[in-house]
Structure formats: structure tokens, C-alpha cells
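In: Need a 3D model of the sequence below.
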Amino acid sequence: LCALPPVGTPITFLMISRLIYDKGVHEYAEAAKLVKQEFPDARFRLLGPRDVENRTAVDETTLRTWVAEGHIEYEGAARDVRGHIEAAHCVVLPSYREGCPRTLMEAASMGRPVIASDVPGCRSVVDEGISGLFCEARNATSLAQAMRQFILMSDAARVKMGAAGRLKMEREFSESIVVSAYLDAIKRATAS
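Out: Residues are numbered from 1 along each chain as shown. Next up, the predicted model:
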């Protein structure tokens with residue numbers, strides 16, 4: 001668990017993902033544009049590799065346009081995301097569908113509130129209004145509203161939300177719990 005950025009610093013959102021449309025990257029960029037109209041100091045960082053071989057990859061021209069417009073700060077790719085998460089107030093994943101999103105688990109483990117699309121995989125990691133906020137998948141306006149809601153929260157409420165996410169990770173996703181679940185699954189599969 002690490003402290004949120006100092007009080008008074010611009011609210012910083014971070015999306016960690018391969019740059020493909022199915023992860024909601026376009027919605028993130030559109031939501032950033034909407035939110036900056038009302039909160040011009042808010043920051044929207046994007047971290048992740050360009051997945052150029054994927055048919056839904058964001059093309060270089062689009063990415064450069066987002067950056068040039070001043071709404072998105074593209075951080076490139078990183079092997080270790082901890083420093084990036086630590087520098088953010090909130091981690092965002094507006095994905096169209098997910099398994100169990102590691103990005104959100106890592107963010108919550110570090111005490112960061114999250115905003116995620118209301119899809120099954122994200123629902124398993126986020127408790128709405130407790131450890132994070134949901135938005136509608138494929139809806140930049142819904143994402144922007146969740147971001148506005150987060151910006152308007154008190155510092156204490158954001159800290160409380162991050163701490164709740166950390167507790168959820170300890171309670172439901174600790175290494176011992178995950179290993180035990182795998183071993184149980186293997187036993188059931190090999191018992192037949």
C-alpha cells in the first residue's frame with residue numbers, strides 16, 4: 001500500500017493496457033477530452049505497448065493526434081508499472097471484456113482506486129463505490145462521468161477507496177488463496 005500523490009497535485013488517471021480498441025483506449029481518449037473541458041488540470045496518462053499486429057490496434061497517427069491535442073500523455077511501455085501506478089490517483093480500464101484484469105489487481109494492491117467497465121471480469125476485482133467506480137463499456141460519456149465523480153471526491157474518500165481495494169486483494173486474491181484454488185482445480189480435474 002503506497003500513499004496517493006500529495007494533496008493539491010493535479011488528479012492523474014492512468015490506463016495500463018495494450019493499445020487496442022477492445023481495451024477501451026478510444027473511450028479513454030474521448031473521456032479525457034470531455035473531462036478536460038471542465039477540469040483542465042486533470043492528467044490522463046496511457047501506458048502500454050502498441051500491439052501493431054492486432055487488427056484492433058490503435059494506429060500511430062491516432063495516437064499522435066491524441067497526444068498533440070493535449071488530452072493524453074503517452075508513456076510508452078514498461079516492464080515494471082509500479083512507479084507509474086504510484087504516480088497516479090486512479091487506474092482506469094474501460095475494457096469491452098476481461099478475464100480477471102491483472103492491471104486492476106495490481107492497482108488495488110497498491111491502494112489505488114480504480115474505474116473500470118461494468119463487465120464480468122472487472123466486477124470480480126472492483127466493489128462499486130467501495131474500491132472503485134464502474135462505467136458502461138464502449139461509452140466515453142459514462143467513463144467521463146465516473147472520472148468527474150472521482151475528481152469531486154474528497155482526498156479522504158479517495159484514500160478510503162484505495163485502502164478498500166487493498167483489503168479486497170488481501171482477502172480474495174492473496175497468493176495463498178490463488179494457489180489453493182489452482183491446487184483444488186487440479187485435484188478435481190485429475191480425480192476423474
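
In: So Gly121 versus Ile11, what's the distance?
Out: In this view, Gly121 and Ile11 are 26 Å apart by CB to CB, to the nearest Å. C-beta here means a position set from N, CA and C on the backbone, and glycine is covered the same way.

In: pretty sure Leu63 is in contact with Arg50, am I right?
Out: Yes: look at Leu63 against Arg50 with CB atoms under 8 Å: they come within range, at 7.1 Å.

In: neighbour-wise, which of Gly121 and Ile11 wins?
Out: Taking other CB atoms under 10 Å, Gly121 and Ile11 do not tie; Ile11 has more neighbours (21 against 17).

In: Helices of this structure, start to end?
Out: Using DSSP state H, the helices found in the chain span residues 25-38, 60-68, 82-86, 102-109, 120-123, 140-152, 155-172, 175-190.

In: which of those helices is buried the deepest?
Out: Highest mean neighbour count among the helices of the chain (mean count of other CB atoms under 10 Å): helix 102-109, with a mean of 22.

In: who touches Arg45 in this structure?
Out: 12-15, 72-75, 84, 87-88 (CB atoms under 8 Å, 6 or more residues apart in numbering).

In: Tabulate those in CSV, adding columns for distance to Ala116.
Out: Converted to CSV, those look like this (distance: CB to CB, whole Å):
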residue, distance to Ala116
Thr12, 17
Phe13, 12
Leu14, 13
Met15, 10
Ile72, 19
Glu73, 20
Tyr74, 21
Glu75, 20
His84, 17
Ala87, 19
Ala88, 14
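
In: where does the protein dip in pLDDT?
Out: Within the chain, the stretches with pLDDT under 70 are 174-182, 192.
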